[in-house]
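Attaching a predicted model along with its sequence, questions to come.
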Amino acid sequence: MDDERTNAPPWSGWWDGAIWRKTWGDQRVLVLSLIALWGVFPWLFIWLSAQIQMTAFQGLLSFIPKDWQKLSGVPFADVATPAGRVALAFVDPVVVLAATVFGITRGSDAVAGQLERGTLEMVLAQPLQRRAFFFTQATATVAGAALLCGVLLASVWSAVALGPWAGEVEPARFVPAVANVFGLMVCIAGLATCVSAADSYRSRTIGILCAFYVTSLLAKLVGRFVGWLGWVGWLSIFNAYEPQRLVGEGGSGWWLVAGYDAILLGVGVAAFVVGGMIFVRRDLPAPL
């Protein structure tokens, strides 16, 4: 396909409005579902957490072996505070798994999913450059992640400001934690899109990313609990996902999230770039 079009605007090789609208249509149900989930979850989590009195919660933590602090990432004394208990919402499976599911779902559908359904060949039969298709897909995915994180922040902010611990915790302390969630979503989406760009079956792409997810979690746990294998933890992207550590006072959370998100966003963007290079150059098999 000829990549040169006369009288085309300078961004035409990197952007396509029709693909943008199609992609948002494809991810609409997923995004709306996660908006509903993340809009309600912080309120429910904080309300349920407030049902346990702080002294009772501190007593409960006293029975947990101190070695388990390695798993929490923060001292139990920090967890046994209103801010620490709110921060636990960001490592709850509802947030972590939802962020991961979004990234894997959108990334796996970018190329492999559409190739498997037989729609990609029809799309690329139009006067459309491959790089415009891929870049628009990636941009829509990142924009969806940003929208969802905005909803999560608004929900956490309102639940903290108006909920049972109103006045005890400054809602702005949780902005770095939400930024860390965004970094994780971009990282997972970039890796999934990269694998999708090289594959022809969405199910296999999802399987590869699920294996990567489990391996990363295990590597982080091994690095935390086995002293002489501490270096293994640095092989896990989840070593850069520590939102519970980002709620410190005095702006310390911003310094930490800058380092964490530099890793997560760096991996995600690099994966998007590599995936784009693979997709532009690969031969696409005919649909079955």
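That came through fine.

What pLDDT does the model give residue 63?
Residue 63 carries a pLDDT score of 53 in this model.

ok, residue 243 - how many residues close by?
27 (other CB atoms under 10 Å). From N, CA and C alone the C-beta is placed, and that goes for glycine too.

again with residue 149
Other residues close to residue 149 by other CB under 10 Å number 21.

Heading C-terminal from the helix or strand harbouring it, find the next helix or strand.
Following DSSP states H and E, one finds residue 149 within helix 130-162. The helix or strand immediately downstream of helix 130-162 is helix 175-198, counting by DSSP H and E.

got the angle for that next one vs helix 130-162?
Between helix 175-198 and helix 130-162, the angle comes out at 150 degrees (axes from the mean of the first three to the mean of the last three CA atoms, to 10 degrees).

buried set for helix 175-198?
175-197 (16 or more other CB atoms under 10 Å).

Likewise for stretch 143-153?
144, 145, 148, 149, 151, 152, 153.

what do you get for stretch 241-257?
Of all the residues in stretch 241-257, those buried under the rule 16+ other CB under 10 Å are 241, 242, 243, 244, 245, 246, 247, 248, 253, 256, 257.

residues making contact with it?
The contact list for stretch 241-257 (CB atoms under 8 Å, 6 or more residues apart in numbering) reads 72-74, 79, 83-84, 86-88, 90-91, 96, 170, 173-181, 183-184, 260, 264.

okay, now residue 168: neighbour count?
So residue 168, with other CB under 10 Å, has 12 neighbours.

Now it: phi and psi?
Main-chain torsions, residue 168, degrees, to the nearest 10: phi -90, psi -20.

again, but for residue 127
phi -70, psi 70.

Quick check, pLDDT for it.
83.

So what's the residue count around it?
11.

Nearest the middle, which residue of the chain would you pick?
By CA atoms, centre = their mean, the mean C-alpha position of the chain lies nearest to residue 185, the distance being 1.5 Å.

Kindly state the pLDDT recorded for the nearest residue to that residue once chain neighbours are set aside?
Nearest residue to residue 185 in three dimensions, chain neighbours excluded: residue 145, at 4.0 Å (CB to CB, 6 or more residues apart in numbering). You'll see residue 145 listed with a pLDDT of 98.
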